[in-house]
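Engineer: Give the three-dimensional model of this entry:
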Amino acid sequence: MWILFTFLAASMQAWRNAFQSQLSREVKVAGVTLARFLWAGPIAGLYLLILYLWRPVELPEFSSAFSLYVLGASAMQIVATALMVKLFKLKNFAVGAGLAKSEALVAAVLGVLFFGTQLSLLGWLGVIIGGIAVFLMSSRKGLKDISLQTASIGLACGSAFALTSLWVREASLNLDLPFPHRAAWVLLFVITIQTIVLLAYLYASDKQTLTALWQRPKLTLLTSITSCLGSIGWFSAMSLQAVPYVKTLGQIEVFFTLLIAMFWLKQKVKIKEVFALVLIAVAAILVMWG
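Structural biologist: Sure, this is the predicted structure:
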């Protein structure tokens, strides 16, 4: 079951990135970021309702710690998504998604520094390989011409996604419920907060972006659906199996990304970029095993 959930998460996340990449050509960063959450809230609410109909349990008690983790995760995911859309504008889809995959590496470092995680020599080797891969992907003409802007945004994006994952997990652990229910509650709260914040911001400062989303209903809906299904997959898989196994298998997303870029978006992927994407996958696996 956890393997199926992980495959669902990886494939949906790759498609969500592809739809966001397409949308970013015509819509501003804030609008593309909102597209990820806009219709995901109703889907998350329906999923939670189905869980309670399938297995009725008591309603949870929400602590102040839970609220802080949810608010922090909501803010970080908005920042991470906006940075990833910025990456899509700087590089092509496959490269932007690859740079965002530095999340696993940054999460390992943050875990060691702030969450008491222990990394072996194998794990640190993965961190180094991942760093090399990120710089390689941000360079147009090899290591002699590294784009510090792309590398910096990529690392910032990965860091924001890493903090999101860490805080979402902490929020989930604060709820005394079965695994699917607590994951669904966290998902619903996070998506609702993000949707309200972004809608309010765009309504007050940039109504044209809201109009642009309204005029592209298909891409907006597809982005929201794949985003929500991907989140359900990750949360469910990590509730059923240890995180290292899930994250290791989840690296198949890199190859889904390559296939989508080449065969659906018709983008050319250079050998150097393929090599860097493979390095990121190898580095993430080393970190998780370490």
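Engineer: V274 contacts L258, correct?
Structural biologist: Yes. With contacts counted by CB atoms under 8 Å, V274 reaches L258, the gap being 6.8 Å. The C-beta positions use only the backbone N, C-alpha and C, and glycine is treated the same way.
Engineer: Comparing those two, which residue is more hemmed in?
Structural biologist: Neighbours per residue (other CB atoms under 10 Å) separate V274 from L258, with L258 holding more: 21 against 16.
Engineer: Low-confidence bits of the stretch 1-150 of the chain, can you list those?
Structural biologist: Within the stretch 1-150 of the chain, the stretches with pLDDT under 70 are 91-99, 101, 115-119, 123, 131, 134-147.
Engineer: try 50
Structural biologist: Counting by pLDDT under 50, the low-confidence segments of the stretch 1-150 of the chain come to 145.
Engineer: Do a quick rundown of the helices in it.
Structural biologist: Secondary structure of the stretch 1-150 of the chain, counting by DSSP state H, counting those that start in this stretch: helices at 2-23, 29-37, 40-54, 64-90, 93-100, 103-114, 121-137, 148-173.
Engineer: So for S236, which of those sits nearest?
Structural biologist: In terms of CB to CB, the element of the helices of the stretch 1-150 of the chain nearest to S236 is helix 2-23, at 4.4 Å.
Engineer: Now do the closest one: which elements does it pack against?
Structural biologist: Using 3 or more CB pairs under 8 Å, 6 or more residues apart in numbering; DSSP states H and E as the contact test, the elements touching helix 2-23 are helix 29-37, helix 64-90, helix 93-100, helix 217-240, helix 243-250, helix 253-263.
Engineer: gap between the residue positioned nearest the centre of the chain and I78?
Structural biologist: When the chain is reduced to its mean C-alpha position, the closest residue under CA atoms, centre = their mean turns out to be F161, at 5.9 Å. Between F161 and I78 the distance is 11 Å, computed by CB to CB, to the nearest Å.
Engineer: again, but for Q13
Structural biologist: For Q13, the distance to I78 (CB to CB) stands at 17 Å.
Engineer: residues of stretch 26-33 that come out buried?
Structural biologist: Taking 16 or more other CB atoms under 10 Å as the basis for neighbour counts, the residues of stretch 26-33 that come out buried are 27-33.
Engineer: picking that back up, now render the helices of the stretch 1-150 of the chain as JSON lines, adding distance to G230.
Structural biologist: JSON lines is the format used below for these (distance: least, CB to CB, whole Å):
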{"stretch": "helix 2-23", "distance to G230": "4"}
{"stretch": "helix 29-37", "distance to G230": "10"}
{"stretch": "helix 40-54", "distance to G230": "10"}
{"stretch": "helix 64-90", "distance to G230": "12"}
{"stretch": "helix 93-100", "distance to G230": "13"}
{"stretch": "helix 103-114", "distance to G230": "13"}
{"stretch": "helix 121-137", "distance to G230": "22"}
{"stretch": "helix 148-173", "distance to G230": "12"}
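Engineer: Just say which of those helices is most tucked in.
Structural biologist: Comparing the helices of the stretch 1-150 of the chain by mean neighbour count (mean count of other CB atoms under 10 Å), helix 93-100 ranks first with a mean of 28.
Engineer: Tell me the gap between stretch 53-63 and the middle of its chain.
Structural biologist: Taking CA atoms, centre = their mean, to the nearest Å, one finds the center of stretch 53-63 at 26 Å from the center of the full chain.
Engineer: give me every residue that touches T195.
Structural biologist: With contact set as CB atoms under 8 Å, 6 or more residues apart in numbering, T195 has these partners: 34, 37-38, 40-41.
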